[in-house]
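>>> build me a structure from this.
(one chain, ligands or ions: 1)
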Amino acid sequence: MSRPKVLLLGKIDHAHVAWQTIADIADVIQPKATNRDEFIVECKSGALDGISVAYRTFDSVKITGKIDSELLDAFPKSIKFLCHNGAGYDQIDIPACTAHDVRVSNTPTAVDDATADVTIWLLIGALRNLPIGIQALRAGKWRGSPPPKLGHDPQGKILGILGMGGIGRNVATKARAFGMRIRYHNRSRLSPELEDGAEYVSLETLLAESDVLSLNLPLNPSTRHTIAAPQFALMKPGIVIVNTARGAVMDEAALVDALASGQVSSVGLDVYENEPEIHPGLLENPNVLLVPHMGTWTQETQQKMEEWTIDNVRLAVKEGKLKSIVPEQTGLAA
Ligand SMILES: O=C(O)C(=O)CO
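All right, here's what the predicted structure looks like:
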């Protein structure tokens, strides 16, 4: 009997031992293509025929582009499972995968601590006006003249969390240690156990009453630009915003305007609408604390994410199922 075939889109950087367990049970194929056009030609050439499972990284979008209907049409019909290394899977058109009978997994929970840690770092940095001080110091001007305006303590402030999944709840736990009062909005209210004292409010109340807003919702067609000009207008003037979810859940141009008017006093960002491009209005504004999508950029978490994705690949190859199928496909037959 021929061995199963696994497609590796991207590379394994850390979990080499775990990956060896895949090489032991399947033939691993890596595409030669370096861009989407080449990849589609390679698929159509038959070079990837017989592949049943694919492992993909966030950066492999450079090779394939988004996983959409066009790409799924080009893929060999044998492909049944797509194992994504990452919590957010906005690069993948899930309804198109479902229509093509491809089941998709992601890496929930593996990313929660690291992403929440960066969220808290951005939150404190933005609240305390640290980017202004850091920039002045690096320019040889100590605190600058005039010095940054005084920041704010987190203690007693209302933290509004939009999207109370694993990362949102982890942010809540950590923010409680800083004395913040937690409110949240989510598609549906959580059980009291998961709420852990956080108050469920409408989106309007969250925007109108939060001192700090943390965006922790996934990006999909219905969450794109959840925060845009009308939502900025509803916010408490001088609000601080942190985004470690995906850039496009917020309208970046509207954010630039809201910062310029002072409606938003400062912002901490890990993610951007058109990565790696950054809106010039964000780069120019000293009240913006920016990091280049480093939410999970730690050895431990990258290792965990790779191992989690490999667990999905192994289960798909051996048992035809996934450990963490995406919620949109839960309950569908494999
Ligand atoms: O896991 C994800 O979705 C990430 O964005 C990694 O930083």
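>>> residue 258 against residue 232, yeah?
Yes. Residue 258 is within contact range of residue 232, at 4.0 Å (criterion: C-beta atoms under 8 Å). (Each C-beta comes from the backbone N, C-alpha and C, glycine too.)
>>> so which of those two has more stuff around it?
residue 258 (25 against 21; other C-beta atoms under 10 Å).
>>> so which strand or helix has that one?
helix 252-261 (DSSP states H and E).
>>> check residue 83 too.
Taking DSSP H and E as the definition, residue 83 sits inside strand 81-85.
>>> just the C-alpha atoms of that strand, please, in PDB.
Taking C-alpha atoms only, strand 81-85 is exported to PDB below (Å, rounded to 0.1, in the frame of the first residue of the first chain):
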ATOM      1  CA  PHE A  81      -7.300  18.300   5.700                       C
ATOM      2  CA  LEU A  82      -5.700  21.700   6.100                       C
ATOM      3  CA  CYS A  83      -3.800  22.200   9.400                       C
ATOM      4  CA  HIS A  84      -3.100  25.800  10.000                       C
ATOM      5  CA  ASN A  85      -0.300  26.900  12.400                       C
END
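>>> what does that strand rub up against?
10, 52-58, 67, 91-92, 97, 102-107, 305-306, 308-310, 312-313, 316, 322 (C-beta atoms under 8 Å, 6 or more residues apart in numbering).
>>> ditto for stretch 64-73
9, 33, 36, 39-40, 56, 82, 91-93, 96-97, 99-100, 102.
>>> the closest residue to the ligand within the stretch 101-250 of the chain and residue 85, how far apart?
For the stretch 101-250 of the chain, the residue closest to the ligand is residue 111, as judged by C-beta to the nearest ligand atom, at 4.6 Å. Using C-beta to C-beta, to the nearest Å, residue 111 is found at 10 Å from residue 85.
>>> more neighbours: those two, which one.
Set residue 111 next to residue 85 and count neighbours by other C-beta under 10 Å: residue 85 wins out with 30 against 24.
>>> name the nearest residue to that one, sequence neighbours excluded.
In space, and not counting its chain neighbours, residue 85 is closest to residue 309: 4.2 Å by C-beta to C-beta, 6 or more residues apart in numbering.
>>> quick one on the thing from earlier: closest to the ligand among the contacts of stretch 64-73?
Out of the contacts of stretch 64-73, the member with the shortest distance to the ligand (by C-beta to the nearest ligand atom) is residue 91, at 9.4 Å.
>>> and that closest one, how many neighbours does it have?
Counted by other C-beta under 10 Å, the residues lying close to residue 91 total 17.
>>> which bits of the stretch 151-300 of the chain sit near the ligand?
293, 295, 296 (C-beta under 6 Å from any ligand atom).
>>> the stretch 1-150 of the chain too?
By C-beta under 6 Å from any ligand atom, the residues of the stretch 1-150 of the chain that approach the ligand are 86, 87, 88, 111.
>>> how about these in a markdown table, adding distance to residue 127?
As requested, these are exported to a markdown table (distance: C-beta to C-beta, whole Å):
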| residue | distance to residue 127 |
| --- | --- |
| 86 | 28 |
| 87 | 25 |
| 88 | 25 |
| 111 | 24 |
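>>> among those residues, which lie within strands?
Within those, no residue falls in strands by DSSP state E.
>>> circling back: filter the contacts of stretch 64-73 to the buried ones?
Buried residues within the contacts of stretch 64-73, defined by neighbour count using 16 or more other C-beta atoms under 10 Å: 9, 33, 36, 39-40, 56, 82, 91-93, 96-97, 100, 102.
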